[in-house]
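Chemist: What shape does this take:
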Amino acid sequence: MTSGIATIRQNEELCGRQLRTLNMRMLILLGVASLCACPTVAQSDNHVAGNSPVHLRSDQSAARPAWPPQLEMRVPFEPTAFRSGPYFYVMYELHLTNFGTTPVALSRIEVLDADAGAAQPAATFEAKQLETMLQPLGGKTFSDPNGRLLIADGQSSIAFMSIAFVRGSHIPDRLLHHVSTADSVSDGAVIATHHTELHVLGPPVEGANWLAADGPSNDQDNHHRRGVVILDGRAVDSRRYAIDWKQIKDDASFSGDPKDVRSYYSYGKVALAVADGRVANASDGLPDNTPGHGESFQPAVPISLETVAGNKITLDLGGGQFAYYMHLQPGSLRVKEGDHVRRGQVVARIGASGDAREPHLHFEVTTSSKLLAGEGVPYLIDRYRCKSASDGRMELHIRELPLENSVVVFGEDRSQLPQ
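Modeler: From the prediction side, this is the model:
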C-alpha cells in the first residue's frame, strides 16, 4: 500500500514537472514573438524621424490613418484687413516647405474661418490660380512632365495670398488653411486678420492725376508685392503695400525728352507729411538718375542697401509704424532727423535718386525705422477721389487705400471732377 502511494506521488511530480516545462516553453515562445515584433515598431519610429511615409500592411490600413504630408505651413507676418472700394482685402504670404523625401503635388488651398467649424471656405484657390500665386525660392521653377504643381523634397515656396471680402460681409477674426495635395489633405497655419493698427493718413502728394503704380495688388509682376528679402536673418517684405506715385497726363508720365528728368510730370512736385510726427531719419546728397528702363537704366551711383532708396525721409507715425519717402530730389529736403512736422507740411520734392528708373515718389509704411527691415503694413488715406479705369468716373473714397493703377485726385481739383 505504501509503495503504491509512493508511485502515485512520483507520477504526480512527473506530470507537474512536465506541465511546468510546457508552460515555460510557451512563455519563451511568447517572448520571442514579442522580440520579433520590436524591430517593426522601431523601423516605423525611424520613418517618422526621417520624415518618410509609414508603409502599413493591408490589414493595418483600416486601423491607422495615412501619414500626413510633411509640408510645413507658416505665415511669418499676420495681415490686417483694409478697405478699398467695395471690398476689404487681406494680403499675406503663406510659406510652404516640403520636409519629406518625395515631391508634394499641390492641387488646392482653401482658406476657412477658423472659428466657424466646417463652414464654407472664405476663399478657394485651385491649381491654375496657384501657378500665379506661388513663387519657388532659390530661383527654382516648377517643372513636371505631367503638368502638376510640385514642391520638390527639401524645397520651399511662397504662396502670395490675397482674399477679398465684400463690404458688409463677415471678416473672420482668424483664418485656417486647408491644403490639398494629389493624395492627401492637411490643415495648418491659423492666423489673425487684424494684426496691426490702421493709421489714417493724409495724402503724401497733392493735386490730380496721380497713378498708384505697383500699388497694393496680388499681381505676379508687382515688384512691391513680391519684394521679399532676407534682412537680419529674417524674410521680410517692407514693400507689401507700397505705392510708386507717378503723375500722368493722357496715360503718359512724361512729355518731351524721356532722358530728361524734367520731362516727367512728377519731377519737382512736393512731398507732404502724412501725419504729425517726428523725423526718424533723413538723408540727402545722392544725384538723380538719367531716366531709363530695362537694360537702358544706368544708375548714377551703384545700387546697394545704402543707396537703393535714394534721398529719403522716414517719419515716425507712433505705435511702432514708420512712413518712408524715397527717391527724393537732391537738395530738396526741408527737414532733418529729430524735427517735428505737421500733417500737410512740405518735407521735400520728388526726384529720381536711388533705384528709380524715372521720377516718382515711393511711399510705404512699415514696422521699423531701419530701411527694408520692417514688415509693410496697410494704412488708410482719409479722403481722395479715384478712378480705377481710364474711362471710369471719379468717386469719393473716405478712409481707404488705393489699389494698383488707380488714378487719384488729392484735394478738390474741380477741373478733374465730373460736373
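Chemist: what's the neighbour count on residue 250?
Modeler: Neighbours of residue 250 under the rule other C-beta atoms under 10 Å: 7. No exception for glycine: its C-beta is placed from N, CA and C like everyone else's.
Chemist: right, I mislabeled it, should have said residue 183
Modeler: 10.
Chemist: Doesn't it lie inside a strand?
Modeler: No - the assignment for residue 183, made by DSSP: H, G, I helix; E, B strand; the rest coil, is coil rather than a strand.
Chemist: separation between it and residue 148?
Modeler: The gap separating residue 183 from residue 148 is 11 Å, by C-beta to C-beta, to the nearest Å.
Chemist: Would you mind identifying the next helix or strand past the lowest-mean-pLDDT helix or strand in the chain?
Modeler: Counting by mean pLDDT, DSSP states H and E, the weakest-scoring helix or strand in the chain turns out to be helix 2-49, with a mean of 41. On the C-terminal side of helix 2-49, the nearest following helix or strand under DSSP states H and E is strand 71-74.
Chemist: Could I get the average pLDDT for that next one?
Modeler: Computed over strand 71-74, the mean pLDDT rounds to 94.
Chemist: Equivalent analysis for stretch 395-404, please.
Modeler: 96.
Chemist: As CSV, could you dump the C-alpha coordinates of that stretch?
Modeler: What follows is stretch 395-404 as a C-alpha-only set of coordinates in CSV (Å, rounded to 0.1, in the frame of the first residue of the first chain):
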residue,chain,number,x,y,z
GLU,A,395,-15.6,108.6,-57.0
LEU,A,396,-15.1,109.8,-53.4
HIS,A,397,-13.2,107.4,-51.1
ILE,A,398,-13.0,108.0,-47.4
ARG,A,399,-10.5,106.1,-45.2
GLU,A,400,-9.4,103.7,-47.9
LEU,A,401,-6.2,102.6,-49.6
PRO,A,402,-5.9,102.9,-53.4
LEU,A,403,-5.1,99.7,-55.3
GLU,A,404,-2.6,99.2,-58.1
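Chemist: So for that stretch, what gets flagged as buried?
Modeler: Within stretch 395-404, the residues that count as buried by 16 or more other C-beta atoms under 10 Å are 397, 400-404.
Chemist: Could you list which of the residues you listed belong to strands?
Modeler: Residues of those located in strands (DSSP state E): 397, 400.
Chemist: would you turn the buried residues of stretch 395-404 into a markdown table with distance to residue 346?
Modeler: Shown next, in a markdown table, are these (distance: C-beta to C-beta, whole Å):
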| residue | distance to residue 346 |
| --- | --- |
| 397 | 24 |
| 400 | 24 |
| 401 | 23 |
| 402 | 22 |
| 403 | 27 |
| 404 | 27 |
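Chemist: and of the buried residues of stretch 395-404, the nearest to residue 100?
Modeler: residue 404 (36.5 Å; C-beta to C-beta).
Chemist: Checking the nearest residue to the closest one once chain neighbours are set aside next. Helix, strand or coil?
Modeler: With sequence-adjacent residues excluded and distances taken as C-beta to C-beta, 6 or more residues apart in numbering, residue 404 is closest to residue 217, at 3.7 Å. Classification of residue 217 using three-state DSSP returns coil.
Chemist: and what of residue 138?
Modeler: Local secondary structure at residue 138 is given as helix here, using three-state DSSP.
Chemist: which residues touch it?
Modeler: By C-beta atoms under 8 Å, 6 or more residues apart in numbering, the contact list for residue 138 reads 155-156.
Chemist: Now for the spatially closest residue to residue 257 that is not a sequence neighbour: which residues touch it?
Modeler: Take residue 257 and drop its neighbours on the chain: the residue closest to it by C-beta to C-beta, 6+ apart is residue 263, 5.2 Å away. With contact taken as C-beta under 8 Å, 6+ apart, residue 263 is in contact with 254-257, 291.
Chemist: distance of residue 263 from residue 359?
Modeler: Using C-beta to C-beta, residue 263 is found at 9 Å from residue 359.
Chemist: Tell me both backbone torsions, phi and psi, for residue 255.
Modeler: phi -140, psi 120 (degrees, to the nearest 10).
Chemist: so it makes contact with residue 262?
Modeler: No - if you go by C-beta atoms under 8 Å, residue 255 and residue 262 don't touch, sitting 10.4 Å apart.
Chemist: Count the neighbours of residue 173 for me.
Modeler: Counted with other C-beta under 10 Å, residue 173 comes out at 11.
Chemist: what's the answer for the one 4 residues further on, then?
Modeler: Around residue 177 there are 21 other residues, counting by other C-beta under 10 Å.
Chemist: name the element it belongs to?
Modeler: strand 174-181.
Chemist: So for the following helix or strand past that strand, mean pLDDT?
Modeler: Next along the chain after strand 174-181, taking DSSP H and E as the criterion, comes strand 185-192. Strand 185-192 shows a mean pLDDT of 92.
Chemist: what packs against strand 185-192?
Modeler: Packing partners of strand 185-192 (3 or more C-beta pairs under 8 Å, 6 or more residues apart in numbering; DSSP states H and E): strand 71-74, strand 174-181.
Chemist: how about low-confidence regions in the protein?
Modeler: Scanning the chain for pLDDT under 70 picks out 1-66, 118, 139-147, 388-392, 412-419.
Chemist: can we see that at 50?
Modeler: Within the chain, the stretches with pLDDT under 50 are 1-65, 413-419.
Chemist: Do a quick rundown of the helices in it.
Modeler: In the chain, the helices defined using DSSP state H lie at 2-49, 127-133.
Chemist: List the beta-bridge partners for residue 230.
Modeler: When bridges are called by DSSP bridges, residue 230 pairs up with residue 235.
Chemist: Please give me every residue in contact with residue 298.
Modeler: Neighbouring residues of residue 298 by C-beta under 8 Å, 6+ apart: 289-290, 292.
Chemist: swap that for residue 352, please
Modeler: Shown in contact with residue 352 (C-beta under 8 Å, 6+ apart): 261, 264, 267, 288-289, 291, 310, 327, 329, 358-360.
Chemist: let's see it at 7 Å
Modeler: Counting by C-beta atoms under 7 Å, 6 or more residues apart in numbering, residue 352 makes contact with 261, 288-289, 291, 327, 358-359.
Chemist: thinking again about what came up before, tell me the residues that contact both of residue 255 and residue 262, please.
Modeler: Shared contacts of residue 255 and residue 262 (C-beta under 7 Å, 6+ apart): none.
Chemist: Name the nearest residue to the spatially most central residue of the chain, ignoring sequence neighbours.
Modeler: In the chain, the residue lying closest to the centroid (C-alpha atoms, centre = their mean) is residue 93, at 1.9 Å. Nearest non-adjacent residue to residue 93, counting by C-beta to C-beta, 6+ apart: residue 158, 5.1 Å away.
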